[in-house]
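# Need coordinates for the following:
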Amino acid sequence: MDAGHDKSYGVWLNGQWLVTDDKIEVVNPATGQAFARVSTVNRDHVRRALETGQAAFPAWRATTAKHRGILLHKVADELLRRQEEIARTITLENGKPLAQSRGEVGMSIDHLRWFAEEGRRAYARIFRLSEQIEAGTLGINDGAPTTSQSPFGGVKQSGWGRELGSEGLEAFLETKHVSIGGI
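A predicted model of the protein is given here:
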């Protein structure tokens, strides 16, 4: 190990840092010297991580694009704050020029910011689409795009007649309803 570079790192797993007894050395290809050690995980750790990710997915799916964008901007902000440290680590572990590593960090920041704003762009595209329809129901990321204004329910709430009759058709042609879920 290079003097002054004998850091040991855990693995972020299931919402916490995990430090294991088994570690691998990270070697600088320019010198052939190890400059850090990183904990490794076994199959059980990987299985639990996959289960945790799968369990977390419904909540992530329900997260709005706006909130996802906020989170991606926070990641980009942290990369920006630590860009020199990260670029130097990339250079140490890959042997590439520091300028190239700085470029990689900069591109990562740019990509995160681009994707953070994609939710806003998607909303703008939906808004433009909704402006083009004269009447009807437009459902975006919404399994049941209906409201009390929708022309369904039947005559005297019987459930039969209105949606198949002229009253339902006329109401449907007069009402415009846009339902946006998950944005």
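
# In terms of residue numbering, what are the domains of this protein?
1-62, 63-132, 134-183 (automatic domain parsing).

# need the helices for the chain, in chain order.
Assigned by DSSP state H, the chain shows helices spanning 43-62, 65-81, 83-94, 98-132, 166-174.

# now those helices in a markdown table, with mean pLDDT, distance to Pro29 and mean neighbour count?
The way it works is simple: take the backbone N, C-alpha and C, and place the C-beta from them, glycine included. Output for the helices of the chain, formatted as a markdown table (pLDDT from 0 to 100; distance: least, CB to CB, whole Å; neighbours: other CB atoms under 10 Å):
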| stretch | mean pLDDT | distance to Pro29 | mean neighbour count |
| --- | --- | --- | --- |
| helix 43-62 | 93 | 27 | 11 |
| helix 65-81 | 95 | 24 | 15 |
| helix 83-94 | 95 | 7 | 16 |
| helix 98-132 | 86 | 13 | 14 |
| helix 166-174 | 56 | 67 | 13 |
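
# Same list, those helices, but as TSV with distance to Thr20 please.
What follows is those, written out as TSV (distance: least, CB to CB, whole Å):
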stretch	distance to Thr20
helix 43-62	8
helix 65-81	25
helix 83-94	20
helix 98-132	27
helix 166-174	62
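
# mind checking which of these is nearest Thr31?
helix 83-94 (9.1 Å; CB to CB).

# The closest one to helix 98-132, inter-axis angle?
For helix 83-94 against helix 98-132, the angle by axes from the mean of the first three to the mean of the last three CA atoms, to 10 degrees is 120 degrees.

# and the closest residue to Trp12 other than its chain neighbours, what does it touch?
What sits nearest to Trp12 in space, not counting adjacent residues and going by CB to CB, 6 or more residues apart in numbering, is Leu18, at 7.6 Å. Leu18 sits next to 10-12, 39, 41, 45 when contact means CB atoms under 8 Å, 6 or more residues apart in numbering.

# switch to 10 Å and redo it
10-12, 39, 41, 45, 49 (CB atoms under 10 Å, 6 or more residues apart in numbering).

# which one of those is nearest Gly69?
Trp12 (22.3 Å).

# Measure how buried the closest one is and give me the count.
Neighbourhood size, Trp12 [other CB atoms under 10 Å]: 10.

# Okay, and the beta partners of it?
According to DSSP bridges, the partner residues bridging Trp12 are Trp17.

# what's the closest non-adjacent residue to Val26?
Ala36 (4.3 Å).

# quick one: the one you found and Gly10 touch, right?
No: counting by CB atoms under 10 Å, Ala36 stays clear of Gly10, with 11.7 Å between them.
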